[in-house]
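Undergrad: Have a look at this prediction, sequence included:
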Number of protein chains: 2
Amino acid sequence: MRFGINFFPTLGPADRSAAQYYDECLRLTELADELGYHHVKTVEHYFFPYGGYSPDPVTFLAAASARTRRLRLVTGAVIPAFTHPVKLAAKLAMLDNISRGRLDVGFGRAFLPDEFEAFQVPIDESRDRFDENVEAIRRLWSEEDLLWRGRFHQFGPVTLLPRPYQEPHPPILVAAAFTPASCERAGRNGYGLLLVPSISSRERVQEMLRLYRAARAEAGHDPQKGQIHMSYLAAIAEDGAQARRAGQEQSEHYSARLVDAVASWGRTRSDAYAGYERLVEQVRKTDYWQQLAENKVLAGTPDEVAGQLEAIREWFGDVTVSLQVNSGTTSYEEAERSLRLFADHVLPRLDTTAPAHA
Amino acid sequence: MRFGINFFPTLGPADRSAAQYYDECLRLTELADELGYHHVKTVEHYFFPYGGYSPDPVTFLAAASARTRRLRLVTGAVIPAFTHPVKLAAKLAMLDNISRGRLDVGFGRAFLPDEFEAFQVPIDESRDRFDENVEAIRRLWSEEDLLWRGRFHQFGPVTLLPRPYQEPHPPILVAAAFTPASCERAGRNGYGLLLVPSISSRERVQEMLRLYRAARAEAGHDPQKGQIHMSYLAAIAEDGAQARRAGQEQSEHYSARLVDAVASWGRTRSDAYAGYERLVEQVRKTDYWQQLAENKVLAGTPDEVAGQLEAIREWFGDVTVSLQVNSGTTSYEEAERSLRLFADHVLPRLDTTAPAHA
Ligand SMILES: [Ca+2]
Ligand SMILES: [Ca+2]
Ligand SMILES: [Ca+2]
Ligand SMILES: [Ca+2]
Ligand SMILES: [Ca+2]
Ligand SMILES: [Ca+2]
């Protein structure tokens, strides 16, 4: 297994200033680099305390690249539907060069109606736009004199500058929330996967992974490659009860902010998002203690969290895990303590850097 | 006067790798911060060695912010027509927070037909799009629950996150190449100005400044405020002849790259860009020695360059000057030497940080 950190801010100006939040995240990123973590990752969201402090992952990761030497920089994810493919391909290629090849690019479809409305992108087109734009970006990275005649964008012949640092391009990952078809497509294309195990049952995640791995194998992609990223809220302390309380605070705060953000789903329906309408209801009835028991939140002593991760490895294989330790309710000191305890006591036991189970 | 550095890359993979170029620029930026320069600035361009290594100024400046403590970070310029106003406002606000208020935002209209074609933005709409998007971004920064019903974009009510660090928002500057009307509008709106004195006669620049300052005064904006940025190719050495040769190499290289990039103007006409059709011809007949004599390139010993700047101050007032020392032909060592010599011998004589002539 490999371990990194994920920043999914669930706060707004009433909670903590953005300047303070970024400063804390950059300090934690520097620390994670020193402590031997594998990656730093962050989201793209807008307007709401649910993610809204992170509207442009590349901007944050560019600052992070200048403060780190080894960490992989992961977009978790950028949203191709909201940025022109030339623009997105180009700034990611800049970051790949600035970091000398430390970039992994996760792409997401997005799911919040208010975001689609603001960008005037019909939510029903989200899958088609995702597919077209990811492919356009991949080809802008890989080819010169690219002539693109898609449904949503037409351009060229153009040669993107700068060319990516990694050959032929940075590793690509695709975010999948509930949709098994997204996992199959990612596998078929040889891309990695970004999953959110906290919002699905273990069985559903296992089914998604089965489909993903089968599609990879069927399409002839190296079963050893294709990173599978999973993000978890995490709180670790010598005192297990204290860690669990901190985990509860984070988890309930996260759920409340997600409920606010998805509230608009009450009045939106789209065939492209079957099941999302029930998201509000599902998140509202989330029970922290059940989440903890089902290993959807990592909280406890280093030993307890190591035990949780051993179960996760048994269920899902040698996946890449991102710890979410600074969402907005945590103090910097708590977040730093979690990262240090994990690095000292958990990482050495589980960081196999072995190839993923196929 | 105030002095900073401007990165306008005029190189491609055949000249120098992008990773090496960014590394050199970030080292020069760190040095400029230590040496007491005022700002670092960079452009937005695509596809061609003329600027193409800098398709996203914010990505570069975010990395630069993490390596500096005092430098102002200046977009010179970002192009609102090529990025959705929500996206552009949001990532600039992130950078403003990450840098704790060190951001100055220059906006440009763009002028290369191939760029407009790639983004499928009609070049004839460039001024209307510029005006609408700059205003949308200013209001996203300044207001909550903004409802925007423009000609090109409609959104809201939305509240941008993060809010900018500077109140009510980062200083705004507007790029003007030849168009006096752009200067008047910038002055009326209380914005600063980004000028390229090398492509116009002294008299024309003086006329643009006169219109700008008069419009500012007429609209009641503080005549002491409103930065006027001017970028100059610069090469400084103890040996004046050596510096002039280095300046010649840079200048002729820059002109050749601009000719390539604007070649497509030979087949494009737009009422919105009167005079641009003659740009190729004008750039082709550029004579370096005449440019040097007219103080459109800064090259020579520290004394000689100080003399050039004294003339510039007499002509244009206490403007903010950006030195362009690393365009693609210069070695890192030459660029560093220019920055050091300027800081040691020229900056102390001319860095007045006095208010601009009104
Ligand atoms: Ca709405
Ligand atoms: Ca204890
Ligand atoms: Ca280890
Ligand atoms: Ca063309
Ligand atoms: Ca000498
Ligand atoms: Ca000084």
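TA: Ah, there it is. Ligands and ions are numbered 1, 2, ... in the order given.
Undergrad: same for the helix or strand containing A:Tyr22, what does it pack against?
TA: Per DSSP states H and E: A:Tyr22 is located in helix A:18-35. Under the contact criterion of 3 or more CB pairs under 8 Å, 6 or more residues apart in numbering or on different chains; DSSP states H and E, helix A:18-35 touches strand A:2-7, strand A:39-42, helix A:57-66, helix A:332-341, helix B:85-98. (Each C-beta comes from the backbone N, C-alpha and C, glycine too.)
Undergrad: Rebuild those as TSV, extending it with mean pLDDT, mean neighbour count and distance to ligand 1.
TA: As requested, these are exported to TSV (pLDDT from 0 to 100; neighbours: other CB atoms under 10 Å in any protein chain shown; distance: least, CB to the ion, whole Å):
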stretch	mean pLDDT	mean neighbour count	distance to ligand 1
strand A:2-7	97	25	26
strand A:39-42	98	28	24
helix A:57-66	98	28	23
helix A:332-341	97	19	33
helix B:85-98	98	26	13
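Undergrad: how far away is the nearest residue to A:Ala62 once chain neighbours are set aside from ligand 4?
TA: Leaving out its chain neighbours, the residue that sits closest to A:Ala62 by CB to CB, 6 or more residues apart in numbering or on different chains is B:Ala62, at 3.8 Å. Note on B:Ala62: its distance to ligand 4, by CB to the ion, to the nearest Å, is 30 Å.
Undergrad: Just give me the neighbour total for the closest residue to A:Gly12 other than its chain neighbours.
TA: Setting aside the residues directly before and after it, A:Gly12 is nearest to A:Pro49 in space (CB to CB, 6+ apart), at 4.0 Å. Each residue near A:Pro49 was counted by other CB atoms under 10 Å in any protein chain shown, and the total is 23.
Undergrad: and A:Pro49, what are its phi and psi?
TA: When read as degrees, to the nearest 10, the backbone of A:Pro49 gives phi -50, psi -20.
Undergrad: Likewise for the one 5 residues further on?
TA: Here is the backbone geometry of A:Ser54 (degrees, to the nearest 10): phi -130, psi 60.
Undergrad: re the thing from before, in contact with the residue nearest to A:Gly12, which residues?
TA: A:Pro49 makes contact with A:9-12, A:15, A:257, A:260-261, A:328, B:161, according to CB atoms under 8 Å, 6 or more residues apart in numbering or on different chains.
Undergrad: Write the PyMOL selection for whichever of those are buried.
TA: Only the buried entries of the contacts of A:Pro49 go into this PyMOL selection, using 16 or more other CB atoms under 10 Å in any protein chain shown:
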select buried, (chain A and resi 9+10+11+12+15+257+261+328) or (chain B and resi 161)
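Undergrad: residues contacting A:Leu339?
TA: A:5, A:28, A:31-32, A:35, A:37, A:323, A:325.
Undergrad: Out of all residues in chain A, which is the farthest from the middle?
TA: Relative to the mean C-alpha coordinate of chain A, counting by CA atoms, centre = their mean, the farthest residue is A:Pro157 (32.7 Å).
Undergrad: So that one belongs to a helix, correct?
TA: No: secondary structure of A:Pro157 (DSSP: H, G, I helix; E, B strand; the rest coil): strand, not part of a helix.
Undergrad: on that earlier part again, show me the two of the contacts of A:Pro49 that sit farthest apart.
TA: Greatest spacing in the contacts of A:Pro49, by CB to CB: A:Asp15 and A:Ala261 (14.8 Å).
Undergrad: Nearest the middle, which residue of chain A would you pick?
TA: Centrality entry for chain A: nearest residue to the mean C-alpha point is A:Gly76, 3.0 Å, by CA atoms, centre = their mean.
Undergrad: Check whether the biggest helix by length in chain A comes near ligand 1.
TA: Selection of the longest helix in chain A by residue count, based on DSSP state H, yields helix A:240-262. No: applying CB under 5 Å from the ion, one finds helix A:240-262 separated from ligand 1 by no less than 11.3 Å.
Undergrad: Hmm, A:Glu238 is touching A:Asp303, no?
TA: No: using CB atoms under 8 Å as the test, A:Glu238 is too far from A:Asp303 to be in contact (10.2 Å).
Undergrad: which residues of chain A fall in helices?
TA: Taking DSSP H as the criterion, chain A contains helices spanning A:18-35, A:57-66, A:85-98, A:113-118, A:126-142, A:180-188, A:202-218, A:240-262, A:279-284, A:288-293, A:302-316, A:332-341, A:347-350.
Undergrad: of these, which approaches B:Gln206 most closely?
TA: Going by CB to CB, the one of these nearest B:Gln206 is helix A:85-98, 36.6 Å.
Undergrad: and the closest one, what other elements does it pack with?
TA: Using 3+ CB pairs under 8 Å, 6+ apart, helix A:85-98 sits against helix A:57-66, strand A:72-78, strand A:103-107, helix A:126-142, helix B:18-35, helix B:57-66.
Undergrad: Which helix or strand in chain A has the lowest average pLDDT?
TA: None of the helices or strands of chain A scores lower by mean pLDDT, DSSP states H and E than helix A:279-284, at a mean of 74.
Undergrad: Mind listing what's buried along that helix?
TA: Buried positions in helix A:279-284, judged by neighbour count with 16+ other CB under 10 Å: A:279-280, A:282-283.
Undergrad: Pull the most distant pair out of these.
TA: So, these by CB to CB: farthest apart are A:Val280 and A:Gln282, at 7.3 Å.
Undergrad: Next, show the common contact partners of the two.
TA: With contacts defined as CB under 8 Å, 6+ apart, no residue is shared by A:Val280 and A:Gln282.
Undergrad: Now do A:Val154, the pLDDT please.
TA: If you look again at residue A:154, you'll see it is Gln, not Val. With respect to pLDDT, A:Gln154 has a value of 98.
Undergrad: close to chain B, is stretch A:106-118?
TA: Yes: under the criterion of CB under 8 Å from any CB of the partner chain, chain B is reached by stretch A:106-118 at A:114, A:117-118.
Undergrad: start to end distance for that stretch?
TA: 22 Å (CA to CA, to the nearest Å).
Undergrad: avg pLDDT for it?
TA: Per-residue scores along stretch A:106-118 average to 93.
Undergrad: List of residues touching the longest helix of chain A?
TA: A:8, A:10, A:45, A:48-51, A:111-112, A:114, A:233-237, A:276, A:279-280, A:283-284, A:286, A:288-289, A:291-292, A:297-301, A:304, A:324, A:327-330, A:334, A:338.
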